[in-house]
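> Attaching a predicted model along with its sequence, questions to come.
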Amino acid sequence: MIEKKIEEKLMEGLKDPKIFIQDMTGTKDHFNAIIISDTFNGKNLIEQHRLVYEILGNMITNEIHALQLKTLTWEQWKKEN
């Protein structure tokens, strides 16, 4: 299952993450992801998203056609929820 593969890669590459992944279309190639990790501390939004794309590597464009990201630190998550 591709969602599990995405989650495993992100779990390996980020510090203490919580990851929510949703298949947006049912085609297993368009995903929405909310990723919470203190790895994002001190990074702007572009740097955070770039880091996620680096972790996922060649899955982007090969297995994942579209990825909508929301990245947060644990402090940001606590403020929003």
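Great, that's in hand.
> Would you mind measuring from residue 39 to residue 21?
According to CB to CB, to the nearest Å, residue 39 and residue 21 sit 17 Å apart. Every residue, glycine included, has its C-beta placed from N, CA and C.
> for residue 3, same thing?
5 Å.
> Identify the contacts common to those two.
Common contacts of residue 3 and residue 21, defined by CB atoms under 8 Å, 6 or more residues apart in numbering, comprise residue 31.
> next SSE after whatever helix or strand residue 9 lives in?
In this structure, residue 9 sits in helix 2-13 according to DSSP states H and E. Sequence-wise, the next helix or strand beyond helix 2-13 is strand 18-23, with elements assigned using DSSP H and E.
> next one: the helix or strand following that next one to chain centre, how far?
Using DSSP H and E, the helix or strand that directly follows strand 18-23 along the chain is strand 30-36. Taking the mean of its C-alpha atoms, strand 30-36 sits 5 Å from the chain's own mean (CA atoms, centre = their mean, to the nearest Å).
> Next, the residues that contact strand 30-36 from outside, please.
3, 6, 10, 14, 17-24, 52, 64-74, 76-77.
> hey, C-alpha coordinates of it in PDB?
Only the C-alpha atoms of strand 30-36 are listed here, as PDB (Å, rounded to 0.1, in the frame of the first residue of the first chain):
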ATOM      1  CA  HIS A  30      -2.900  11.900  -5.400                       C
ATOM      2  CA  PHE A  31      -2.400  12.400  -1.700                       C
ATOM      3  CA  ASN A  32      -3.100  14.900   1.000                       C
ATOM      4  CA  ALA A  33      -0.600  14.800   3.900                       C
ATOM      5  CA  ILE A  34      -0.400  16.500   7.300                       C
ATOM      6  CA  ILE A  35       3.000  16.100   8.800                       C
ATOM      7  CA  ILE A  36       3.900  17.200  12.300                       C
END
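> Tell me the strands beside it, with direction?
Here strand 30-36 is paired, per DSSP bridges, with strand 18-23 (antiparallel), strand 66-72 (parallel).
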